[in-house]
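Engineer: I'll drop the sequence and a predicted model, then ask my questions.
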Amino acid sequence: MTETSSGSAHSMEEVRDRLLDAALPHVVFDGWTAVTYRAAVDDSGLDPTLAHMAAPRGAIDLAHAFHVRGDRRMAEALATSDLSALRFRERVAKAVMLRLELAGDREAVRRGMTLFSLPQHAAEGSRLVWQTADAIWTALGDTADDLNWYTKRASLSGVFGATVLYWLGDETPDSSATAAFLERRIDGVMRIEKTKSFLRKTPGFNLLMTGPDWLARQVPSPDRCRRDGLPGRRSRTAPGPLGRTAE
């Protein structure tokens with residue numbers, strides 16, 4: 001908690017949300033820029049020092065917070081939604097469309113994509129898309145704890161990124177064209193999974209994949225990572241692909 005000049009206490013998240021709300025009307029005209037940040041500080045009535053503590057990089061931190069808030073609202077909405085009647089691919093599609101619906105102003109999203117496509121911010125933009133994919137899988141109850149944890153999120157990151165780009169230019173009522181585009185992208189991923197399933201039924205393929213499958217099981221999800229938290233460590237007593245222990 002931090003004290004403002006007036007003596008009231010605020011968490012940094014509350015301050016950042018207040019700044020973000022004040023910034024959004026300006027983003028449409030000025031993007032996620034220093035101009036927008038200064039206007040947000042003035043309009044919010046926050047002490048400039050407190051505002052800087054909440055968003056030390058200025059508008060970049062506000063753009064980051066805008067994306068994170070969308071993920072949070074999506075997760076909250078999914079937690080209160082009854083998805084039991086939907087197939088799993090339909091749940092994924094619903095989650096993606098819900099994330100777009102809760103994104104708010106499309107121009108703010110467009111300006112954010114422009115910002116995070118710049119070379120100096122591209123890595124952060126990729127992480128944000130990955131975090132959205134992770135938020136979706138987590139909200140849908142994903143229990144993968146090996147290499148599948150990563151492949152699921154990598155696949156959905158690609159689908160989500162392409163869908164956002166399509167959505168930004170979609171002028172159909174209720175974003176129906178985007179929903180159809182998303183279905184096609186999910187179909188593409190499902191075809192890959194069906195091909196993998198077919199290959200595994202091919203005589204000799206399972207034997208060929210014994211080693212790669214064993215190796216994939218040794219790559220833990222972040223929650224299972226040991227020591228320094230880096231993924232990919234394997235136990236020295238883990239059984240090898242032919243039953244031997246790893247040395």
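Structural biologist: Great, that's in hand.

Engineer: quick one, strands of the chain?
Structural biologist: Here the chain has its strands, by DSSP state E, at 2-3, 9-10.

Engineer: Which residue, other than its chain neighbours, is closest to the residue nearest in space to the middle of the chain?
Structural biologist: In the chain, the centroid-proximal residue (Cα atoms, centre = their mean) is Thr132; its distance is 1.4 Å. Spatially, and ignoring its direct neighbours in sequence, Thr132 is nearest to Asp71 (5.4 Å; Cβ to Cβ, 6 or more residues apart in numbering). In short, each C-beta sits where N, CA and C put it, glycine included.

Engineer: go on, Ala63?
Structural biologist: Closest to Ala63 by Cβ to Cβ, 6+ apart is Trp32, at 4.1 Å.

Engineer: Can you report phi and psi for that neighbour?
Structural biologist: The phi and psi values for Trp32, taken as degrees, to the nearest 10, are phi -90, psi 80.

Engineer: How about Gly31?
Structural biologist: phi 70, psi -170.

Engineer: ok, back up a step: for the residue nearest to Ala63, give me its contacts.
Structural biologist: Ala23, Ala59, Ile60, Leu62, Ala63, Arg111, Gly112, Leu115 (Cβ atoms under 8 Å, 6 or more residues apart in numbering).

Engineer: Which among the residues you listed count as buried?
Structural biologist: Neighbour counting with 16 or more other Cβ atoms under 10 Å marks Ala23, Ala59, Ile60, Leu62, Ala63, Arg111, Gly112, Leu115 as buried within these.

Engineer: Before we move on, what's the pLDDT of the fifth one?
Structural biologist: The score at Ala63 is 98. That number is its pLDDT.

Engineer: Isn't it up against Ser117?
Structural biologist: No - the pair Ala63 / Ser117 is not scored as a contact, 11.8 Å apart, by Cβ atoms under 8 Å.

Engineer: gap between Ser157 and Val96?
Structural biologist: Using Cβ to Cβ, to the nearest Å, Ser157 is found at 11 Å from Val96.

Engineer: pLDDT value on Ser11, please?
Structural biologist: 89.

Engineer: what's the burial count for it?
Structural biologist: 11 (other Cβ atoms under 10 Å).

Engineer: got it, and Gly58?
Structural biologist: Gly58: 20 surrounding residues under other Cβ under 10 Å.

Engineer: Sounds good, over and out.
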